[in-house]
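Asker: Dropping the sequence and predicted coords here.
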Amino acid sequence: MMPREIGLIGLGDMGSKIAERLQGSGYSLVLYNRSQEKYSGFAGKDNVRSSSNLDEFVSMLRKDDGEIVVWSMLPGGEVTNAMMLELSSRLRRHDIIIDASNSVYDDSIRNARILGEKSISYLDVGLAGGPSDVLKGVALMVGGDKSAYSKVEELFKTISGTCTYGYLGSSGSGHMAKLVHNVIFYGINPVYVEGAELLQKLKDDFNGSFDVLEAFRLYSFAPPINGEIIGAIATVVKTGEMPTKAPEIKVSNMITWAIERASKAGVSMKATNAVLSNYSNLSEKSRRIYSAAKKIVTGHY
């Protein structure tokens, strides 16, 4: 059975919200943060204890010969790598470290190997969502020791809340999935923002009434935007059912008209234009997947 007391390292914006969620869900917590003023937000809360240094942090968690669970919510890179080394000299066989940093997966593989040499279990977790999402739910992409994952799955279920979680594979796979998630996010976010700017500009020039916020609400449910396209791509990857030769990807007349209207309205659509003008530069396989996924969502290539 998984320990109901969790050690949490790092009380930044994300770490403090995770601590809040776990404490509110009945977990006992031992906290460690180098800047101890961060503890003030948890003063007087039930089942939350703060430690003054890393040695005390570990000793407070260590009740008997049982394993302990440590959730690390530090920045990715050298800060996390250094902490993994520090923990490797303090933890014991079968203890579990959950690294939810934004580390590159090469680091995660190396950290897993260092900890594995001492039989310390390591899970790398890609966490998709921001501080405001944590109290509702976030997506957790988990890689690493499968037996350790099974032991702490209830913890992932608690933190994911109304969202979801899942096990992806060996060490590094959780952070590899998060890496691609971030690439997709940074790729589509500017297009969303330009679309929002265009919508507001069109509304200003519109003779009738128009509820911009209601349009945004409806967009959030619209299948191609709300994530259904990701599900369609997953279906294509799973089944392999796609055209043997990619159809030409065309931009509809409606889109062309909208871009022209944006230009006349003085709205820069550079990011959107860059995406649309580079359809032809997609690899052959990407175009085949795109076309098959688009057909699932829209009914046509």
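Answerer: Cool, got the structure. Note that the structure is predicted; figures quoted are calculated from it, not measured. Residues are numbered from 1 along each chain as shown.

Asker: now the stretch 201-301 of the chain, which segments are flagged as low pLDDT?
Answerer: Across the stretch 201-301 of the chain, nothing is flagged by pLDDT under 70.

Asker: Just give me the neighbour total for Phe57.
Answerer: Phe57 sits with 24 neighbouring residues when counted by other C-beta atoms under 10 Å. For glycine as for every other residue, the C-beta is placed from the backbone atoms N, C-alpha and C.

Asker: nope, Gly12 is what I was after
Answerer: 15.

Asker: Spatially nearest residue to it, not counting backbone neighbours?
Answerer: Closest residue to Gly12 apart from its sequence neighbours, by C-beta to C-beta, 6 or more residues apart in numbering: Met73 at 6.8 Å.

Asker: Show the contacting residues for the one you found.
Answerer: 8-12, 14-15, 18, 100-101 (C-beta atoms under 8 Å, 6 or more residues apart in numbering).

Asker: Is there a quick ChimeraX command that grabs whichever of the residues you listed are buried?
Answerer: Restricted to buried positions by 16 or more other C-beta atoms under 10 Å, the ChimeraX selection for the contacts of Met73 reads:
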select :8,9,10,11,14,15,18,100,101
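
Asker: Determine which two of the contacts of Met73 are furthest apart.
Answerer: Across the contacts of Met73, no pair lies farther apart than Leu11 and Ser101, at 14.0 Å, counting by C-beta to C-beta.

Asker: Could you tell me the per-residue confidence at the residue nearest the centre of the chain?
Answerer: The chain has Ala128 as the residue nearest its centroid, 1.6 Å off, counting by C-alpha atoms, centre = their mean. The score at Ala128 is 92. That number is its pLDDT.

Asker: For Met269, give its distance to Ile255.
Answerer: In this view, Met269 and Ile255 are 10 Å apart by C-beta to C-beta, to the nearest Å.

Asker: between the two, who's got more neighbours?
Answerer: Met269 (21 against 12).

Asker: The more buried one and Ile259 touch, don't they?
Answerer: Yes: if you go by C-beta atoms under 8 Å, Met269 and Ile259 touch, sitting 5.8 Å apart.

Asker: What residues does Val48 make contact with?
Answerer: 19, 23, 28-29, 31, 42.

Asker: Residues in a beta bridge with it, which ones?
Answerer: Under the criterion DSSP bridges, Val48 forms beta bridges with Leu29.

Asker: And for Gly144?
Answerer: With DSSP bridges as the rule, Gly144 is bridged to Leu123.

Asker: What is the longest helix along the chain packed up against?
Answerer: As assigned by DSSP state H, the longest helix anywhere in the chain is helix 173-204. Helices and strands touching helix 173-204, by 3 or more C-beta pairs under 8 Å, 6 or more residues apart in numbering; DSSP states H and E, are helix 105-116, strand 121-128, strand 139-144, strand 165-169, helix 212-219, helix 253-265, helix 270-277.

Asker: Compute the distance between the residue nearest to the residue nearest to the centre of the chain when sequence neighbours are not counted and Ser173, please.
Answerer: Spatial nearest neighbour of Ala128, excluding adjacent residues (C-beta to C-beta, 6+ apart): Ala139 at 4.1 Å. Here Ala139 is placed at a distance of 14 Å from Ser173 (C-beta to C-beta).

Asker: got it, and Leu127?
Answerer: Leu127 sits at a distance of 14 Å from Ser173 (criterion: C-beta to C-beta).
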